[in-house]
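Q: Dropping a prediction and its sequence here:
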Amino acid sequence: MSDHLLIAQVTDIHIGAVDSLFKGVKIRENFLKVLDELKKKTLDLLVLSGDLAALNGEPEAYFWIKETLTHFPCPYIIMSGNHDHVGRMARIFENIENDVSDGMLYFSRTVKEKRLIFLDSSSTKVPVQQLDWLKNQLVNYEQDVVLFIHHPPLLCDCQFMDERYSLTNIESLWKVFNQLPQIKHIFCGHYHTEKVLAKNGKSIYLTPATIFQIDTVETNFKIAHTNPGWRIIEWGEDVNTYVEYLVDGKIDRKNYKLLGKNNTQHFLKFN
Ligand SMILES: [Fe+2]
């Protein structure tokens, strides 16, 4: 169907200033392998949902990513994570300049008549300017939208990340989200794991990183595995989504089927 929208979400690529290893992980190679897999699909859009840079917005990382994506076969969108620097991103990815307001990278796009919204949580919160903008964006918009934000907008029962690196203004964010039933699907990164959660009628999807995945049970930092992952989002009449990993050069797909009509509480996991 021509109005069917196919998006790949790739997150937490953490590219360094030079081609380096992290705990044995070939960081750039992981990202390149993921792109090679995604090139085989007929994507409408690639979303890089934050933490493009290793630690602190290294410009060499942004130049390398930009060069690497020059010939990628579909348009791409970049978002800012807590390890990014919006000013340097805007200088290097010149086409995002108009999407920067008050030093933050938040904006909306309409692709195939479907509305996508991108928030900037790189300061570890979503400041009030963005919340006001979000309300204004949707006040007269009655169709569903899909929202991307680097930080999950809730605690996720992921011990290490919840305790140290969760979003810091969850409550004020939900005061606005609760007024906006058009937002039914929220796609996140940051936690380096795969998870589906539900809150107040909205589904929240955590997407695994390309650099490594973090154990969700341990309170101290522990790598769960280093298979790069990404998420596919298919938006036709409904939104359907699944995660894929690259394991020993082969695709391993994790799929989720929503159980029950309009039921966002229960998910059946199957391979
Ligand atoms: Fe992050």
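A: Here it is on my side, so go on.
Q: who in the chain is up against the ion?
A: For the chain, the residues in contact with the ion (CB under 5 Å from the ion) are 51, 81, 82, 190. From N, CA and C alone the C-beta is placed, and that goes for glycine too.
Q: Please repeat the previous calculation with a cut-off of 6 Å.
A: Neighbours of the ion within the chain, by CB under 6 Å from the ion: 50, 51, 81, 82, 83, 150, 190.
Q: Would you format these as TSV with secondary structure and neighbour count included?
A: Output for the residues of the chain next to the ion, formatted as TSV (DSSP: H, G, I helix; E, B strand; the rest coil; neighbours: other CB atoms under 10 Å):
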residue	secondary structure	neighbour count
50	coil	28
51	coil	26
81	coil	26
82	coil	16
83	coil	20
150	coil	28
190	coil	28
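Q: Closest to residue 250 out of these?
A: Using CB to CB, residue 51 comes nearest to residue 250 of the residues of the chain next to the ion, at 25.9 Å.
Q: Distance check, residue 29 against residue 21.
A: 10 Å (CB to CB, to the nearest Å).
Q: Mind listing the shared neighbours of the two?
A: Counting by CB atoms under 8 Å, 6 or more residues apart in numbering, no residue touches both residue 29 and residue 21.
Q: Let me see the backbone angles for the closest residue to the ion within the chain.
A: Closest residue of the chain to the ion, CB to the ion: residue 190 (3.8 Å). Per-residue torsions, residue 190: phi 70, psi -40 (degrees, to the nearest 10).
Q: need the helices for the stretch 101-250 of the chain, in chain order.
A: Assigned by DSSP state H, counting those that start in this stretch, the stretch 101-250 of the chain shows helices spanning 128-138, 159-165, 170-177.
Q: List the residues that contact residue 39.
A: Counting by CB under 8 Å, 6+ apart, residue 39 has contacts 72, 73.
Q: just checking, residue 96 is part of a strand?
A: No. Applying DSSP: H, G, I helix; E, B strand; the rest coil, one finds residue 96 to be helix, outside a strand.
Q: about what we covered before: could I get the helices of the stretch 101-250 of the chain as a markdown table with mean pLDDT?
A: Shown next, in a markdown table, are these (pLDDT from 0 to 100):
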| stretch | mean pLDDT |
| --- | --- |
| helix 128-138 | 97 |
| helix 159-165 | 97 |
| helix 170-177 | 98 |
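Q: I'd like those helices laid out as TSV, including mean neighbour count and distance to residue 238.
A: Output for those, formatted as TSV (neighbours: other CB atoms under 10 Å; distance: least, CB to CB, whole Å):
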stretch	mean neighbour count	distance to residue 238
helix 128-138	16	19
helix 159-165	15	29
helix 170-177	16	20
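Q: re the thing from before, please name the residues that touch the residue of the chain closest to the ion.
A: By CB under 8 Å, 6+ apart, the contact list for residue 190 reads 11, 12, 50, 51, 81, 82, 121, 150, 151, 152, 161, 165.
Q: If you tally nearby residues, what's the number for residue 119?
A: Residues lying near residue 119 (other CB atoms under 10 Å) number 26.
Q: nearest residue to it other than its sequence neighbours?
A: residue 149 (4.3 Å; CB to CB, 6 or more residues apart in numbering).
Q: For residue 77, see how far away the one you found is.
A: 13 Å.
Q: Give me the common contacts of those two.
A: residue 118.
Q: Which one of those two is surrounded by more residues?
A: residue 149 (26 against 21).
Q: these two touch, right, the more buried one and residue 188?
A: Yes. Assessed by CB atoms under 8 Å, residue 149 is found in contact with residue 188 at 5.7 Å.
Q: Quickly list what's touching both of the two.
A: Contact criterion CB under 8 Å, 6+ apart; residues shared by residue 149 and residue 188: residue 49.
Q: In this protein, where is pLDDT below threshold?
A: 1-2, 255-271 (pLDDT under 70).
Q: how does it look with 90?
A: Low-confidence segments of the chain, defined by pLDDT under 90, span residues 1-3, 20-25, 94-95, 97, 248, 252-271.
Q: that older thread, as JSON lines, the contacts of residue 190 with distance to residue 171 would be great.
A: JSON lines is the format used below for the contacts of residue 190 (distance: CB to CB, whole Å):
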{"residue": "11", "distance to residue 171": "24"}
{"residue": "12", "distance to residue 171": "25"}
{"residue": "50", "distance to residue 171": "22"}
{"residue": "51", "distance to residue 171": "24"}
{"residue": "81", "distance to residue 171": "22"}
{"residue": "82", "distance to residue 171": "19"}
{"residue": "121", "distance to residue 171": "14"}
{"residue": "150", "distance to residue 171": "18"}
{"residue": "151", "distance to residue 171": "14"}
{"residue": "152", "distance to residue 171": "14"}
{"residue": "161", "distance to residue 171": "18"}
{"residue": "165", "distance to residue 171": "17"}
